[in-house]
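Visitor: Sequence below, structure please.
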Amino acid sequence: MSVVLFTLGGTIAMNGSIPGQPDSPVVARLGGADLVAAVPGLADLGTPLDVRDTRAVPSADLTYAQMLELADVASGAVFQGAQGIVVTQGTDTLEETAYLIDLVWRHDVPIVLTGAMRNPTLAGPDGPANVLAAARVASAPEARGLGALVVFNDEIHAARWVRKTHSTNPATFASPNSGPIGHVIEGGVRILARPPRHVPIESPAPQRIEQTRVALYGVTLDDDGGLLTSVAGSYDGLVVAAFGVGHVPGALAPTLGELAQRLPVVLASRTGSGSVLRNTYGAVGSESDLRKRGLVSAGMLDPYKAKVLLRLALACDLDIARAFEERG
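Guide: Okay, the predicted model is just below:
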């Protein structure tokens, strides 16, 4: 049995400048074999590594269809006997891609996503250490049954809770609501918590996920809601990143209520941690008012995760309220 490593580019794969332009920004140039060669101790892991270069693109260019295809290919590797899966990619969208994979992953075999904040041309690149830690987690019996995981800085995070919290710090990945569920310590994998797993969602056809459009609207101070008028007729669903526990300016409440009669509107908190409430406040624009107008609570899902779940649920014709009740 082996651990299969899929590479998707990103900072972890960047090395060197454009030929003839020594002062140019770094570009993606490292393949999977190069990544593996740069990891001290990987040969002592005790589990063979099967390296498969998938695509070399910035994570900002990844799509839902591509990540669902990767999950399908990784699933095939599991059926062929893979002991674990590791995916390397850019960090910009890693919190979203990890959650998307987690929603459809149906194996006890762990699938671990990682990357780097410092490229190999800088002092102290973190990519090699993250790859080694991810491979250790992917091959560890203790990590089975946990779904998709993000391993960074020797911390193990559940895909459902992890966030990128800093633009440059190598310790960027954190889980504000729960903390890491485990650690890699002296080469060993220690799991501290086992979040409950939900029934996986069937992966939709690529054409269906590509055609499903979901908007994300961030509410701001003195918001006039003008952009909301472009949602109706153009999108299949809307996620509202609201203030605090799920509040918006009162003037926006009727517009959101009207939209909720035409398409699913999910209410999330823009704070990045904590839950949308249900029945604590009663003013116009409060969480209870918006729920009465038909908005669906995202629960503890942040707006980015809520958008992932809503788009996948729409593409699969799921009951939206139930999907968020079970997973929010």
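Visitor: contacts and neighbour counts: CA atoms only from here.
Guide: Noted.
Visitor: quick one, strands of the chain?
Guide: Here the chain has its strands, by DSSP state E, at 3-7, 49-53, 84-88, 111-114, 148-152, 155-158, 163-164, 173-174, 182-185, 188-191, 214-218, 237-242, 265-269, 296-297.
Visitor: Nearest to Tyr64, out of those?
Guide: Closest approach to Tyr64 among the strands of the chain is made by strand 214-218 (12.0 Å; Cα to Cα).
Visitor: Identify the residues contacting that closest one?
Guide: 228, 231, 235-242, 270, 303, 307, 310-311 (Cα atoms under 8 Å, 6 or more residues apart in numbering).
Visitor: out of the residues you listed, which are buried?
Guide: 231, 236-242, 270, 303, 307, 310-311 (16 or more other Cα atoms under 10 Å).
Visitor: Columns distance to Thr93 and pLDDT on top of the residues you listed, output as CSV?
Guide: Formatted as CSV, these follow (distance: Cα to Cα, whole Å; pLDDT from 0 to 100):
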residue, distance to Thr93, pLDDT
Val231, 23, 92
Asp236, 22, 98
Gly237, 20, 98
Leu238, 19, 98
Val239, 17, 98
Val240, 19, 98
Ala241, 18, 98
Ala242, 21, 98
Arg270, 17, 98
Pro303, 13, 98
Lys307, 13, 98
Leu310, 17, 98
Arg311, 16, 98
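Visitor: Tell me the one of these nearest Leu192?
Guide: Pro303 (26.6 Å).
Visitor: hang on, the earlier thing: comparing the strands of the chain, which yields the minimum mean pLDDT?
Guide: In terms of average pLDDT, strand 49-53 trails the rest of the strands of the chain, at a mean of 92.
Visitor: Against which helices or strands is that strand packed?
Guide: If contacts are counted by 3 or more Cα pairs under 8 Å, 6 or more residues apart in numbering; DSSP states H and E, strand 49-53 sits against strand 3-7, helix 32-37.
Visitor: Tell me the bridge partners for Phe173.
Guide: Applying DSSP bridges to Phe173 gives these bridge partners: Lys164.
Visitor: Who are the contact partners of it?
Guide: Neighbours of Phe173 in contact, by Cα under 8 Å, 6+ apart: 152, 162-166.
Visitor: re earlier: now the helices and strands packed on strand 49-53 in JSON lines, with mean neighbour count and distance to Ala140?
Guide: Supplementary listing: these in JSON lines, determined by neighbours: other Cα atoms under 10 Å; distance: least, Cα to Cα, whole Å:
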{"stretch": "strand 3-7", "mean neighbour count": "25", "distance to Ala140": "10"}
{"stretch": "helix 32-37", "mean neighbour count": "15", "distance to Ala140": "19"}
